[in-house]
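# what follows is a predicted protein model with its sequence.
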Amino acid sequence: MARKVTKAIFPVAGMGTRFLPATKSVPKEIMTLVDRPLVQYAIDEARAAGITEFIFVTSRGKSALEDYFDHNLVLEQDLKSKGKDELLDVLNATNMESGAIAYIRQHKALGLGHAVWCARRLIGDEPFAVMLPDDVIAADKPCLQQMVEAYEETGGNMVAAMEVPTEQTSAYGILDTGQNVGTVVRAKGMVEKPKPQEAPSNLAVIGRYILGPSVLYNLNQKRKGSGGEIQLTDAIAEDIGNGVPVFGYKFDGQRFDCGSKAGFLQATVSFALAREDLRDDLSRYLHDIVATDRAAQ
C-alpha cells in the first residue's frame, strides 16, 4: 500500500504577466473567480484529498497572498458584532492554522521543476502532491481526491491527464502510453512540449501531480530542458527510466486554464452558472447577449 499523501506544493512564484496591469500589484493567484481567489479553489481541493501541510513557493511581490491566509481579527470582530454569521463562516474557511502553511522563496525563475525543488527540505522522503492553481478543475469529486484514491492502489508517481487536440501538444507535457485505455494508464515516457508531428500521443499532463521523493533527487541534478528551464516533466520521465512506475490519471471533470484570459473568463461563467444564487440572472443576461448578437447579424 502506498504511503499517505499529506503534503502539497503550490508553485506560485510566476509574475502573471498575461494579466497585466491587474497583476502589477495583485498576485494572479488571488484574482477572484466569481467570489473566491484562484488559490482558494486549489486549497479546498487539497483539503478534500487529505492534505494537511501546504507549501507555497513564492517570489517577491507575493505578500498579499500570504496575508490572504492569515486571520483578519478586525474584520472577524466586525462581522461577529453585526451578527453576520454566514459571512463569518465563509471568512473562517479561508484561514490557515499556525504551522499548516509554509512559504519558500524561488529567487530565480528557472522553471516548474526548480520551483518544486525549492521545497525539497520540507518534503523529505515522503510522497507529495503538486498543484498548479492556474488549472481549476470543476468536478463532483475533487480531482486530487480522485488521484489520491487511485494512487493508494498504484503507488509510484501519478499525473493528471486529459486528451487535447494534436495541434495543441506543443503547449503541454505529453505522455507516451502505448495503448491509451482505461482511467489509469502506465506511461512509457514523457515529453515536454513536443511538436505535434513528434508527439507520442495526445494525452497531456495537467497541473496535478502525486510524486515520490525520487523525483526530487532527479531535480537535484538541475538539468535544463525545454526552454532552457528545469522541467518537472523531465524529472518524472527520468523515474520511468529508473524503473519507477509513472501513471497518467484521466480525471473526471472539466479543466479550465485560468492562466489565460479566455480560460479565466470561461471558468467565471461556468462556475457562476453552477451557483443557485447567480444562475438565473446570469443565464438571462447571456441569453439576451446571444439574441442581440444574432439579431445584429
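Looks like it arrived, so ask away.

# ok, and the closest non-adjacent residue to Ser260?
Arg18 (6.5 Å; C-beta to C-beta, 6 or more residues apart in numbering). (C-beta placed from N, C-alpha, C; glycine too.)

# revised request: answer the last question for His114.
His114's closest residue in space is Ile230 (C-beta to C-beta, 6+ apart), at 4.2 Å.

# the one you found against Gly111, yeah?
Yes. Ile230 is within contact range of Gly111, at 4.2 Å (criterion: C-beta atoms under 8 Å).

# for the two, indicate the residue with more neighbours.
Gly111 (25 against 21; other C-beta atoms under 10 Å).

# for this structure, which spans come out with low pLDDT?
1-2, 178-181, 226, 297 (pLDDT under 70).

# for it, longest strand please?
strand 203-211 (DSSP state E).

# still on that earlier bit, show me the contacts for the residue nearest to Ser260.
Arg18 makes contacts with Gly259, Ser260, Lys261, as judged by C-beta atoms under 8 Å, 6 or more residues apart in numbering.

# export those residues as JSON lines, with columns for distance to Gln40.
Shown next, in JSON lines, are those (distance: C-beta to C-beta, whole Å):
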{"residue": "Gly259", "distance to Gln40": "16"}
{"residue": "Ser260", "distance to Gln40": "20"}
{"residue": "Lys261", "distance to Gln40": "20"}
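
# now that we have the residues you listed, which one has the most neighbours?
Gly259 (19 neighbours).

# with adjacent residues omitted, what lies nearest to that residue?
Asp134 (3.7 Å).

# what's the burial count for the nearest residue to Tyr68 once chain neighbours are set aside?
Residue nearest to Tyr68 in three dimensions, not counting chain neighbours: Ile30, with 5.5 Å by C-beta to C-beta, 6+ apart. Residues lying near Ile30 (other C-beta under 10 Å) number 20.

# all the helices of the stretch 101-250 of the chain, residue numbers only.
112-117, 120-123, 143-154, 213-219, 232-241 (DSSP state H, counting those that start in this stretch).

# contacting residues around the one helix or strand Asp277 maps to?
Following DSSP states H and E, one finds Asp277 within helix 276-296. Applying C-beta under 8 Å, 6+ apart, the set of residues contacting helix 276-296 from outside is Val34, Val269, Ala272, Leu273.

# reformat the residues you listed as a markdown table; add distance to His287, secondary structure and neighbour count.
Listed next are those as a markdown table, based on distance: C-beta to C-beta, whole Å; DSSP: H, G, I helix; E, B strand; the rest coil; neighbours: other C-beta atoms under 10 Å:
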| residue | distance to His287 | secondary structure | neighbour count |
| --- | --- | --- | --- |
| Val34 | 19 | coil | 14 |
| Val269 | 13 | helix | 13 |
| Ala272 | 14 | helix | 18 |
| Leu273 | 12 | helix | 13 |
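
# please enumerate the strands of the chain.
7-11, 32-33, 36-37, 53-58, 101-105, 128-131, 135-138, 157-163, 173-176, 184-186, 189-192, 203-211, 246-250, 254-257.

# packing partners of the longest one?
Which is strand 203-211. strand 128-131, strand 135-138, helix 143-154, strand 157-163, strand 173-176, helix 232-241, strand 246-250 (3 or more C-beta pairs under 8 Å, 6 or more residues apart in numbering; DSSP states H and E).
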